[in-house]
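1. Sequence first, then the predicted structure, then my questions.
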Amino acid sequence: MMHQKNFAAEASQGDPDAYLRLEGVSKTYGDFEAVRSLDLAIGKGELVALLGPSGCGKTTTLRMIAGLVPTSGGRITVGETDLTAVPPHGRDMGLVFQSYALFPHMTVARNVAFGLEMRSIPRGEIDRRVKEALAMVQLDKLAERRPRELSGGQQQRVALARALVVKPSILLLDEPLSNLDAKLRDEMRTQIRDIQQQVGITTVFVTHDQVEALSMCDRIVVMRNGRVEQIGTPVDVYERPATPFVASFVGRTIRLSGTANGDGAIDIGGDVIRSAAGLAPGPAEIMVRPHRIEVDWTGQAKTKDDVNRLSGVLCRITFVGDVIQYHVGIGDAEVIAEASTTGNQQLPAAGTPVTLSWRVEDTMAFGSGQ
Ligand SMILES: Nc1ncnc2c1ncn2[C@@H]1O[C@H](COP(=O)(O)OP(=O)(O)OP(=O)(O)O)[C@@H](O)[C@H]1O
Ligand SMILES: [Mg+2]
């Protein structure tokens, strides 16, 4: 089972369960602010994703946690210990980067043993722990191979074993799966999550892939321009995004502009859309997940209290295998609604008037300035 842990939805500074804590952590390069006063409290054993577009400060944040990049301000603590000024080797953290940087001339086993050898651990214990770590990532049979004799996923798992074998208190992963093909990435996601749960290790996972963050993590920190946009469980950030940016970054959406009239309704080209958001009168936007929208062209769509309806004209249909996409013109805008394919469907022609409908509770609404 994923997400069985019920961590508080919002990390707060007073969270007594917090293990790894960032308080007002920032990083400036000249007058550029790469990370701006970041607050984050991560519970012991929690797997938290830093999710955001390229350049938003994910790697910088991770490297500050690791001690590889000095902070420009703020505090990083683990338990009661202030690590802000502690060098990387004093922090007890395991790291896995996008490029796994294995030693090419060493066997898999030697690669994994390296960190333990550096710590002058007795040979017998090293052998035992390397074996254990390789078994965990299911590479025990390949211990004597060299990195070039391994696939990308296998090399990735060596890197993971190498990080885990020293039993760090915190595991830091920076886009560890981005070099893998889609299928292998899926498998590795499950494996990393399983191992993380098995070991119970507190983990920060950097990714710009929302599926990865949603499917693997207890909580997600959505970042933008060096700032936190939202912290929450996968369900939180997907179902209750705090901003339009979060809504569009963690899932696909249709997006329409209109005018909020002050009592929960938003006028979109004459159709009135309701939402649970209490918006002040003025410019507003609504967003809906494409697969939550029903498209009707029979003129028989039922009117229900808890359903929003919008009239449009079908522009075109795209068949995408599992789903059919309906491109629908709403005034000057075009939105894409999506439905599963069922075989022998009678599809309407371009130019057909259609009605889009979706539940009021599936309507994400935002005022201007969000
Ligand atoms: N040494 C540096 N000197 C100046 N600017 C830097 C330095 N390192 C990073 N930056 C800038 O800081 C910002 C954040 O970089 P960072 O590597 O943290 O982004 P990221 O979120 O990891 O992006 P990506 O998804 O592309 O890896 C970027 O705009 C980057 O150009
Ligand atoms: Mg990065």
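-> The structure has been received and is ready for your questions. Ligands and ions are numbered 1, 2, ... in the order given.
2. what residues go with each domain of the chain?
-> What automatic domain parsing lists as the domains of the chain is 18-92+168-247, 252-367.
3. got the buried residues for stretch 264-277?
-> Residues Gly264, Ala265, Ile266, Ile268, Asp271, Ile273, Arg274, Ser275, Ala277 are the ones in stretch 264-277 that count as buried (16 or more other CB atoms under 10 Å). Placement of C-beta: from N, CA and C, glycine included.
4. now those as a markdown table including pLDDT and distance to ligand 1?
-> Converted to a markdown table, the buried residues of stretch 264-277 look like this (pLDDT from 0 to 100; distance: CB to the nearest ligand atom, whole Å):
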| residue | pLDDT | distance to ligand 1 |
| --- | --- | --- |
| Gly264 | 79 | 37 |
| Ala265 | 91 | 38 |
| Ile266 | 94 | 33 |
| Ile268 | 93 | 34 |
| Asp271 | 90 | 39 |
| Ile273 | 94 | 35 |
| Arg274 | 93 | 37 |
| Ser275 | 90 | 31 |
| Ala277 | 82 | 29 |
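5. Just these: which are in helices?
-> Among these, none falls in helices (DSSP state H).
6. Quick check: mean pLDDT of the strand or helix carrying Ser357?
-> Ser357 belongs to strand 353-359 when assigned by DSSP states H and E. For strand 353-359, mean pLDDT is 95.
7. hmm, who's touching it?
-> Contact partners of strand 353-359, identified using CB atoms under 8 Å, 6 or more residues apart in numbering, comprise 288, 292-297, 299, 301, 306-314, 326, 328, 330, 335, 337, 348.
8. Is it possible to mark the buried ones in those residues?
-> 288, 292-295, 297, 301, 307-310, 312, 314, 326, 328, 330, 335, 337, 348.
9. hang on, the earlier thing: filter the buried residues of stretch 264-277 down to the ones in strands?
-> Counting by DSSP state E, the buried residues of stretch 264-277 place Ala265, Ile266, Ile268, Asp271, Ile273, Arg274 in strands.
10. Double-check that Leu40 belongs to a helix.
-> No - if the criterion is DSSP: H, G, I helix; E, B strand; the rest coil, then Leu40 is strand and not within a helix.
11. contacting residues around it?
-> Leu40 neighbours (CB under 8 Å, 6+ apart): Ala11, Leu20, Arg21, Leu22, Val25, Val48, Val221, Val228, Ile231.
12. Point me to the helix or strand that includes the third one.
-> So the one you mean is Arg21. Using DSSP H and E, Arg21 falls within strand 18-29.
13. where exactly do the strands run in the stretch 251-370 of the chain?
-> Per DSSP state E, counting those that start in this stretch, the stretch 251-370 of the chain carries strands over the ranges 254-260, 265-268, 271-274, 282-288, 294-296, 307-319, 323-330, 333-340, 353-359, 364-367.
14. and the gap between Gln230 and Glu23?
-> According to CB to CB, to the nearest Å, Gln230 stands 18 Å off from Glu23.
15. Next, count neighbours for the residue in the stretch 151-300 of the chain positioned nearest to ligand 1.
-> Ligand 1 sits closest to His208 of the stretch 151-300 of the chain, with a gap of 4.7 Å, by CB to the nearest ligand atom. Residues near His208, counting by other CB atoms under 10 Å, number 18.
16. need the contact list for it.
-> Taking CB under 8 Å, 6+ apart, one finds Leu51, Gly52, Pro53, Ser54, Lys58, Glu175 in contact with His208.
17. For those residues, give me CSV that also has distance to ligand 1, neighbour count and secondary structure.
-> Listed next are the contacts of His208 as CSV, based on distance: CB to the nearest ligand atom, whole Å; neighbours: other CB atoms under 10 Å; DSSP: H, G, I helix; E, B strand; the rest coil:
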residue, distance to ligand 1, neighbour count, secondary structure
Leu51, 10, 28, strand
Gly52, 6, 28, coil
Pro53, 7, 13, coil
Ser54, 3, 7, coil
Lys58, 4, 25, helix
Glu175, 7, 19, coil
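18. Relative to Asp140, which of those is nearest.
-> Taking CB to CB as the measure, Asp140 lies nearest Glu175 of those, at 26.4 Å.
19. mind checking the SS state of the residue nearest to that closest one when sequence neighbours are not counted?
-> Take Glu175 and drop its neighbours on the chain: the residue closest to it by CB to CB, 6 or more residues apart in numbering is Gln98, 4.3 Å away. Secondary structure, three-state DSSP: Gln98 is coil.
20. Tell me how far the residue nearest the centre of the chain lies from Val35.
-> Geometric centre of the chain, nearest residue: Ala213, 2.7 Å, by CA atoms, centre = their mean. Counting by CB to CB, the gap from Ala213 to Val35 is 18 Å.
21. still on that earlier bit, okay but the residue nearest to Glu175 is in contact with Asn179, surely?
-> Yes - using CB atoms under 8 Å, Gln98 makes contact with Asn179 at a distance of 6.5 Å.
22. what residues does the stretch 51-200 of the chain put near ligand 1?
-> Within the stretch 51-200 of the chain, the residues that sit near ligand 1 (CB under 6 Å from any ligand atom) are Gly52, Ser54, Gly55, Cys56, Gly57, Lys58, Thr59, Thr60.
23. quick revisit: buried residues in the strand holding Ser357, which are they?
-> Val354, Thr355, Leu356, Ser357, Trp358.
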